[in-house]
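J.: No letters, just coordinates:
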């Protein structure tokens with residue numbers, strides 16, 4: 001048994017080469033609890049234009065001489081993925097002991113012994129946790145040393161667009177709430193948000209990205225205000241009352257400290273990465289005795305496809 005657990009540098013290097021695509025994909029798979037409500041865009045290196053085109057051409061009573069100009073509204077945005085890397089030292093024997101201790105070998109295949117791949121996968125899984133943490137509050141800092149420095153998160157992008165005036169009450173894609181949200185008023189607040197949406201936005205299947213605290217208060221408020229209604233048969237309400245089931249509450253742990261609630265369809269939340277080229281890589285090196293170094297590179301970034309009021313609304317909580 002002991003011999004099976006002694007992996008050489010060559011074992012790790014071969015695993016990194018053989019399972020390169022899988023290991024690169026693991027950080028993306030690891031953020032599925034958030035990404036399941038968003039739209040992944042693979043194959044994005046650096047920048048790509050995304051967005052919507054609206055035209056005001058229309059039918060009218062037939063006239064042989066009819067002619068007119070079409071006013072095209074181009075709502076293009078830039079999805080930018082930034083090239084990042086990780087250089088992580090690890091002690092192989094400790095990593096194997098950790099895997100054995102956590103029972104990581106139980107499950108698919110009923111494996112009895114971890115492999116070099118399991119160790120590398122465990123490191124890749126840790127990378128996904130930091131990506132998840134930065135999805136909303138990341139702030140691009142080219143000189144930084146953490147995942148939150150790699151790219152601008154959705155909240156950061158929102159704040160920049162508010163400052164620039166692109167997200168505003170005048171544009172119909174912004175709303176401010178200056179009262180404290182409690183278990184007494186959360187349902188009223190949610191309805192106020194719902195009723196403020198542009199009719200074309202409200203008619204779609206929408207997601208309300210919020211904190212778990214807001215969802216909890218919504219459920220408490222719903223229980224207090226609708227307790228005697230016959231159809232109130234469950235505590236955990238996942239959609240906003242009055243939306244015909246179209247506005248779904250999406251409480252996320254990484255939204256805990258966010259001052260924004262976002263409302264839009266899943267297709268509007270873009271998460272960009274590459275996974276399709278040969279620039280991203282994984283390798284294992286030995287620079288000092290008994291210690292190996294996990295080295296990986298990848299592209300990652302997020303963006304709203306559109307901030308037009310027909311596709312998006314940001315709600316800022318200012319208390």
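T.: Arrived safely, thanks for sending. This one's a predicted model, so the numbers in the text were calculated from it and none came from an experiment. Numbering: from 1, shown residues only.

J.: From now on I want contacts and neighbour counts done on CA atoms only, so please keep to that.
T.: Will do.

J.: okay, and the helix or strand of this protein with the least pLDDT?
T.: helix 92-101 (a mean of 60; mean pLDDT, DSSP states H and E).

J.: Beyond that one, next helix or strand please.
T.: Next in sequence after helix 92-101, counting helices and strands by DSSP states H and E, comes helix 116-137.

J.: That following helix - contacts with which helices or strands?
T.: For helix 116-137, the packing partners by 3 or more Cα pairs under 8 Å, 6 or more residues apart in numbering; DSSP states H and E come out as helix 9-18, helix 20-29, helix 92-101, helix 154-164.

J.: give me that answer again for 7 Å
T.: When contacts are defined as 3 or more Cα pairs under 7 Å, 6 or more residues apart in numbering; DSSP states H and E, helix 116-137 packs onto helix 9-18, helix 20-29, helix 154-164.

J.: Of the ones you listed, which is nearest residue 289?
T.: With Cα to Cα as the criterion, residue 289 lies closest to helix 9-18 of these, at 11.0 Å.

J.: And that closest one, what's buried?
T.: 9, 12-13, 15-16 (16 or more other Cα atoms under 10 Å).

J.: Including distance to residue 238 and pLDDT, could the residues you listed go into CSV?
T.: Compiled in CSV, these are given as follows (distance: Cα to Cα, whole Å; pLDDT from 0 to 100):
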residue, distance to residue 238, pLDDT
9, 49, 73
12, 45, 70
13, 46, 74
15, 43, 73
16, 42, 75
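
J.: Can you redo these as a markdown table, where the extra columns are distance to residue 176?
T.: Formatted as a markdown table, the buried residues of helix 9-18 follow (distance: Cα to Cα, whole Å):
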| residue | distance to residue 176 |
| --- | --- |
| 9 | 56 |
| 12 | 52 |
| 13 | 53 |
| 15 | 51 |
| 16 | 49 |
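
J.: quick one: residue 306 and residue 269 touch, right?
T.: No - if you go by Cα atoms under 7 Å, residue 306 and residue 269 don't touch, sitting 8.8 Å apart.

J.: didn't residue 201 look like it was pressed against residue 310?
T.: Yes - contact criterion Cα under 7 Å: residue 201 and residue 310 qualify, at 4.7 Å.

J.: How about residue 222: what's its closest non-neighbour residue?
T.: If the residues on either side of it in the chain are set aside, residue 222 comes closest to residue 187, at 6.1 Å by Cα to Cα, 6 or more residues apart in numbering.

J.: Now that neighbour: phi and psi?
T.: Note on residue 187: its backbone torsions stand at phi -70, psi -40 [degrees, to the nearest 10].

J.: Touching stretch 242-254 from outside, list them.
T.: The contact list for stretch 242-254, computed with Cα atoms under 7 Å, 6 or more residues apart in numbering, reads 132-133, 204-212, 215, 238-240.

J.: Which among those residues count as buried?
T.: 132-133, 206-212, 215, 239-240.

J.: Just give me the longest strand of this structure.
T.: strand 72-90 (DSSP state E).

J.: and that one, which strands flank it?
T.: strand 46-55 (antiparallel), strand 291-304 (antiparallel) (DSSP bridges).

J.: before we move on, the earlier item: of the contacts of stretch 242-254, which belong to strands?
T.: Members of the contacts of stretch 242-254 lying in strands (criterion: DSSP E): 206-210.

J.: Now whichever strand or helix holds residue 222: buried residues?
T.: Following DSSP H and E, the helix or strand that holds residue 222 is helix 212-226. Buried residues in helix 212-226, counted by 16+ other Cα under 10 Å: 212-223.

J.: What count of nearby residues applies to residue 80?
T.: 22 (other Cα atoms under 10 Å).

J.: ok, now how distant is the closest residue to it other than its chain neighbours from residue 267?
T.: Spatially, and ignoring its direct neighbours in sequence, residue 80 is nearest to residue 47 (4.3 Å; Cα to Cα, 6+ apart). From residue 47 across to residue 267, the span is 18 Å (Cα to Cα, to the nearest Å).
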